[in-house]
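Asks: any chance you can model this:
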Amino acid sequence: MSKGSRLLAGAAAVLTSFALIASAQGRMVGGIGPQADSGTAYFAITHSKGGLEYAAGNNVDKLLGTGAATYALKLLPGRNGSFRVTSKNVVFYTGKGSLSGTATATVDVTSTKETITGGKLDLTKGLGSLKGDELTVRFTGTADLKANQFVFKYKGTLFS
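Replies: Here you go, the predicted structure:
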């Protein structure tokens, strides 16, 4: 697989996996209720194995503070175009615990750049002091494929 397609897949995965926090859906989890949140996530592809791209990065979040995230995403075709991507294994780590779930987004690819739109992240399994919490996210992002750098901006709601 070419470096460009690997980075493309990574960018898509990172983008999909890290746009934490979306619009409230009128539900309560754990009794506190929905809290508006926002943040920025930074990712890079760490390696490829078995047809998957693995990415890791850090996150600065208004409510949850500084954290880290990982995801796995099926490799994208090594060509330019628009692709819908899904990551079934996204994990967001914080000092309070972790949240895991799935993400989807649309990735538009050129030879050097990716633009991520329509991203949605549903983190429905909380561990540690985040047990019972959920995070529903909408995000957008960009990726510099030559530098292997992905940036995602997100807004949404933490249900705790």
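
Asks: hey, let's count contacts and neighbours off CA atoms from now on
Replies: Fine.

Asks: for Gly132, what are phi and psi?
Replies: The phi/psi pair for Gly132 (degrees, to the nearest 10) reads phi 90, psi -10.

Asks: so it is in contact with Ser160, correct?
Replies: Yes. Contact criterion Cα atoms under 8 Å: Gly132 and Ser160 qualify, at 7.0 Å.

Asks: ok now stretch 146-160, how far from the chain's centre?
Replies: Distance of stretch 146-160 from its chain centroid, counting by Cα atoms, centre = their mean, to the nearest Å, is 6 Å.

Asks: measure Gly81 to Ala55 for me?
Replies: 21 Å (Cα to Cα, to the nearest Å).

Asks: which stretches of this structure aren't confidently modelled?
Replies: Counting by pLDDT under 70, the chain has low-confidence residues at 1-31.

Asks: what segments of it are strands?
Replies: Per DSSP state E, the chain carries strands over the ranges 34-49, 52-61, 65-74, 81-94, 97-109, 113-128, 134-144, 149-159.

Asks: now tabulate the ones you listed in CSV and tack on mean neighbour count.
Replies: Shown next, in CSV, are the strands of the chain (neighbours: other Cα atoms under 10 Å):
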stretch, mean neighbour count
strand 34-49, 20
strand 52-61, 22
strand 65-74, 21
strand 81-94, 19
strand 97-109, 23
strand 113-128, 22
strand 134-144, 25
strand 149-159, 24
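
Asks: next, the contact list for the residue nearest to Leu52 when sequence neighbours are not counted, please.
Replies: Leaving aside its sequence neighbours, Leu52 sits nearest to Lys74 (Cα to Cα, 6 or more residues apart in numbering; 4.4 Å). Contacts for Lys74 (Cα atoms under 8 Å, 6 or more residues apart in numbering) come out as Ala9, Gly51, Leu52, Glu53, Thr86, Ser87.

Asks: all good on my end, thank you.
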